[in-house]
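[1] here you go, sequence then predicted model.
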Amino acid sequence: QREAAVLLQKHVRGFQARLYCLRLRSAIAVQTCYRRHVARRDYTELKQAAITLQSHFRGRQDRIRVSHYLAARCIQSNVRMFQARGAYLQIRRQIILIQSVYRMHSAQMERRHLHAVVVVQSMVRCVLAR
């Protein structure tokens with residue numbers, strides 16, 4: 001009977017040890033799954049944060065690039081306007097000079113014509129006075 005009791009205890013203790021190992025492996029499996037879940041969640045959050053930072057940084061770079069482009073375009077526009085205005089003012093000065101020369105010539109011709117009329121009138125009066 002003692003041997004039967006020892007054998008029974010041996011089988012019970014073996015069963016209990018296997019049951020304990022099974023529960024321990026199950027607990028370890030649950031912990032592994034939970035840790036994997038937490039690690040995946042943390043990784044996803046970090047990845048999303050990195051994507052957000054990158055998108056903000058790239059957006060800022062694009063806005064800076066666009067503002068530089070707009071500033072360059074504004075400068076180019078002002079330079080073209082300045083050049084066109086300079087050409088316009090030069091042409092305008094030339095036109096004014098031509099008009100001035102023409103008016104001066106017309107005034108001189110008018111003065112000569114009037115002087116000729118005065119001379120003719122003077123001669124006619126002189127002839128009539130005799």
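    Cool, the structure landed. Numbers count the residues shown, from 1 in each chain.
[2] which SSE is Val38 in?
    Assessed by DSSP states H and E, Val38 sits inside helix 2-129.
[3] work out the gap between that helix and the centre of the chain.
    Chain-centre distance of helix 2-129: 0 Å, with Cα atoms, centre = their mean, to the nearest Å.
[4] and that helix, average pLDDT?
    Computed over helix 2-129, the mean pLDDT rounds to 96.
[5] counting by contacts, list what that helix packs against.
    Helix 2-129 sits against no helix or strand, with contacts defined as 3 or more Cβ pairs under 8 Å, 6 or more residues apart in numbering; DSSP states H and E. The C-beta positions use only the backbone N, C-alpha and C, and glycine is treated the same way.
[6] residue nearest the middle of this protein, spatially speaking?
    Val66 (1.1 Å; Cα atoms, centre = their mean).
[7] ok, now which ones touch that one?
    Val66 makes contact with no residue, according to Cβ atoms under 8 Å, 6 or more residues apart in numbering.
[8] what about Leu19, how many residues nearby?
    Residues within reach of Leu19, counting by other Cβ atoms under 10 Å, total 10.
[9] oh, I was asking about Gln90
    Close neighbours of Gln90, defined as other Cβ under 10 Å, add up to 10.
[10] cool, Glu3 as well?
    Neighbourhood size, Glu3 [other Cβ under 10 Å]: 7.
[11] swap in Val120?
    Val120 has 10 neighbours, counted by other Cβ under 10 Å.
[12] let me know the distance separating it from Glu110.
    Distance, Val120 to Glu110, by Cβ to Cβ, to the nearest Å: 16 Å.
[13] equivalent analysis for Val101, please.
    Separation of Val101 from Glu110 (Cβ to Cβ) stands at 15 Å.
[14] what of Gln121?
    Here the criterion is Cβ to Cβ. By it, Gln121 lies 16 Å from Glu110.
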